[in-house]
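# here you go, sequence then predicted model.
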Amino acid sequence: MRLTALCTMMMITITVQAQIKKAPEIREGEGPFTQLIIRGVTLINGTGAPPVGPVDIVVENNRIKKIAIVGSPGAPVNTSNRPVLVQGGKELNAEGMYLLPGFIDMHGHIGGKEQGTDAEYVFKLWMAHGITTVRDPSAGNGLDWVLEAKKLSAANRITAPRIMAYTAFGQGAKEAISTPEAAVAWVRNNSSKGADGIKFFGAAPLIMKAALEENKKLGLRSACHHAQMDVARWNVLHSARAGLTTMEHWYGLPEALFNDKTIQDYPLDYNYGNEQNRFEEAGKLWKQAAKPFSDHWNNVMNELIALDFTIDPTFNIYEANRDLMRARTAEWHNDFTIPSLWKFYEPSRISHGSYWHNWGTEQEINWKENYRLWMTFVNEYKNRGGRVTVGTDAGYIYQLYGFSYVRELELLREAGFHPLEVIRSATLYGAQALGLDKDLGSVEVGKLADFVVVDANPLQNLQHLYGTGAIALNENNEVVRKGGVVYTIKDGIVYDAKKLLSDVQRMVAEEKKKTGFKISQPGIKTF
Ligand SMILES: [Zn+2]
């Protein structure tokens with residue numbers, strides 16, 4: 001997303017918008033401790049291994065030192081096996097809970113001016129949902145600002161996930177990049193400033209090729225949203241061959257799969273600047289591609305896998321296209337969506353991703369079919385050994401930070417992933433795609449202490465990971481909430497996830513009081 005904003009932004013030097021960027025102090029977290037022992041937990045380690053427990057996990061100086069099995073399920077804990085707490089150490093009783101590696105959001109814009117969301121709001125929603133690493137695809141608040149936030153987060157001076165900064169290609173350039181030489185110069189400059197990678201939106205073939213090859217040579221990684229304006233001449237296959245490491249969303253993939261046309265079947269009065277047009281026609285795109293399991297479909301998939309190419313589908317961000325009412329009326333909006341963000345979501349001819357000029361049954365049915373074909377590709381990609389990751393693109397189209405991450409997990413499940421495959425995509429595969437798997441992505445001895453602890457089994461119901469939990473009926477016939485992350489642990493620092501959520505709830509309530517804002521359904525009369 002952010003394409004419209006970026007087109008104008010790329011030409012100008014970004015100024016840091018300090019007033020909307022305050023980030024929370026570390027005081028929310030407890031630690032780090034010389035030794036941290038998490039006791040009696042059931043471990044889902046992120047590698048695809050099944051749950052095992054109870055275990056005690058010992059962390060020393062932010063590294064996992066030991067994972068000790070301390071009993072059998074349903075039997076008393078074997079105390080002789082238990083690691084001993086050293087003086088000054090900290091114990092966390094997690095009996096009956098589940099522990100997973102910290103989640104990685106591969107597509108996390110840190111809000112911004114358009115949405116009126118400050119960093120504290122975004123960071124807390126992420127951390128409350130167990131997200132301990134995000135890739136910022138475009139450095140929308142400016143590279144300097146993102147690198148500063150990254151540094152503060154790495155030093156744990158703010159409550160925030162680790163940040164990987166992938167600058168929007170061309171950001172900060174004095175004029176549009178129109179030659180391969182200018183592309184190479186920009187790529188070198190981006191690397192020397194300390195960015196972790198580049199986010200592309202497509203460009204002329206010679207420029208894409210030069211930029212991707214130079215970026216790869218420098219050892220950086222890359223993401224691309226293959227926007228419609230360049231996709232007829234440069235699709236996902238071209239990018240993958242030139243060294244792109246991850247594709248975002250899905251654009252550019254059906255185009256690589258065309259076998260009876262070379263350009264999307266645009267209606268003749270289409271205008272890319274009209275987002276109703278853009279998203280409505282996108283909903284008819286997958287059925288214009290080669291049929292699932294046909295020769296061409298197979299060949300494209302196999303080539304991408306051979307290139308070690310990562311797909312980051314961000315299924316959730318298009319969900320309003322197949323079910324607008326679901327996205328608009330999600331139960332968390334009222335308490336957790338800040339008024340300015342709600343206003344940004346509402347139908348508009350100007351805001352990006354707010355294209356509900358005329359959206360109804362026909363558009364939604366097309367998109368349901370679009371999803372079926374897209375999900376078939378992504379699930380088979382995973383089955384053949386391809387890497388699929390979890391990214392959200394939250395802050396657009398009724399998708400809220402943190403909550404949308406759990407929804408993305410559910411949509412991978414819908415695509416056909418086993419819940420353990422879903423968790424692996426959220427953790428180990430994300431770390432691999434970012435080049436961080438030496439330290440992150442799974443709970444194994446020697447890795448860093450980034451964990452999610454939840455008090456209900458997330459494999460049985462991924463909805464247990466929503467901040468608002470999942471609905472259940474108790475023995476007294478009362479509706480209760482089960483789940484919600486209990487602790488998010490980053491760098492061995494323990495954050496009370498419910499406390500982070502209540503902070504956000506308070507922020508939203510204060511903002512509503514100040515502005516007199518109430519979420520409403522436009523045009524509905526009181527009868
Ligand atoms: Zn985006």
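Nice, I can see it. In this text the structure is predicted, and so the values were computed from the model without any measurement. Residues are numbered from 1 along each chain as shown.
# rest of the way, CA atoms for contacts and neighbours
OK.
# residues of the stretch 51-200 of the chain that sit close to the ion?
By CA under 5 Å from the ion, no part of the stretch 51-200 of the chain sits against the ion.
# where do the strands sit along the stretch 51-200 of the chain?
52-60, 63-69, 90-93, 98-101, 103-105, 131-138, 162-168, 197-200 (DSSP state E, counting those that start in this stretch).
# the stretch 401-527 of the chain: strands as residue ranges?
Counting by DSSP E, counting those that start in this stretch, the strands of the stretch 401-527 of the chain are 451-454, 470-473, 479-482, 485-490, 493-496.
# where is the longest helix in the protein?
If you go by DSSP state H, the chain has its longest helix at helix 361-383.
# what packs against that one?
Contact here means 3 or more CA pairs under 8 Å, 6 or more residues apart in numbering; DSSP states H and E; on that basis helix 361-383 packs against helix 319-322, strand 387-388, helix 403-415.
# contacts for the first one, please.
Looking back up the chat, that one is helix 319-322. With contact meaning CA atoms under 8 Å, 6 or more residues apart in numbering, helix 319-322 is reached by 279, 326-328, 363-368, 397-398.
# which of those residues are close to the ion?
Of the contacts of helix 319-322, not one also sits near the ion (CA under 5 Å from the ion).
# only the buried subset of these, as a ChimeraX command please.
The buried residues among these can be selected in ChimeraX (16 or more other CA atoms under 10 Å) with this line:
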select :279,327,328,363,364,365,366,367,368,397,398
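# deepest in the core, which of the helices and strands packed on helix 361-383 is it.
Among the helices and strands packed on helix 361-383, ranked by average contacts under mean count of other CA atoms under 10 Å, first place goes to strand 387-388 (a mean of 24).
# partner strands of that one, parallel or antiparallel?
In the sheet, strand 387-388 lines up against strand 310-312 (parallel) (DSSP bridges).
# gap between the partner strand and the chain center?
11 Å (CA atoms, centre = their mean, to the nearest Å).
# that strand and the ion, any residue contact?
No: using CA under 5 Å from the ion, we find that strand 310-312 stays clear of the ion, coming within 11.0 Å at best.
# which residues touch that strand?
Residues outside strand 310-312 that contact it (CA under 8 Å, 6+ apart) are 106, 245-249, 378, 386-391, 433.
# same deal with stretch 283-298?
The set of residues external to stretch 283-298 that reach it, using CA under 8 Å, 6+ apart, is 254-255, 257-259, 264-265, 363, 366-367, 369-370, 373-374, 376-377.
# and that stretch, what's buried?
For stretch 283-298, burial by neighbour count (16+ other CA under 10 Å) applies to 283-292, 296-298.
# measure it end to end?
One end of stretch 283-298 to the other measures 22 Å (CA to CA, to the nearest Å).
# quick one: mean pLDDT over that stretch.
The average pLDDT for stretch 283-298 rounds to 98.
# could you do stretch 512-527 as well?
On average, stretch 512-527 scores 80.
# using PDB, write down the CA coordinates of that stretch.
Listed next in PDB are the C-alpha coordinates belonging to stretch 512-527 (Å, rounded to 0.1, in the frame of the first residue of the first chain):
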ATOM      1  CA  LYS A 512     -12.900   9.700  21.200                       C
ATOM      2  CA  LYS A 513     -13.800  11.900  24.200                       C
ATOM      3  CA  LYS A 514     -11.700  14.700  22.900                       C
ATOM      4  CA  THR A 515     -13.200  14.600  19.400                       C
ATOM      5  CA  GLY A 516     -16.700  13.400  20.300                       C
ATOM      6  CA  PHE A 517     -16.200  10.700  17.700                       C
ATOM      7  CA  LYS A 518     -18.400   7.600  17.500                       C
ATOM      8  CA  ILE A 519     -18.000   4.700  15.000                       C
ATOM      9  CA  SER A 520     -21.200   4.700  13.000                       C
ATOM     10  CA  GLN A 521     -22.500   3.000   9.900                       C
ATOM     11  CA  PRO A 522     -23.100   5.800   7.400                       C
ATOM     12  CA  GLY A 523     -26.500   6.400   6.100                       C
ATOM     13  CA  ILE A 524     -28.400   4.000   8.400                       C
ATOM     14  CA  LYS A 525     -31.500   5.700   9.800                       C
ATOM     15  CA  THR A 526     -33.000   5.200  13.200                       C
ATOM     16  CA  PHE A 527     -36.300   3.500  12.700                       C
END
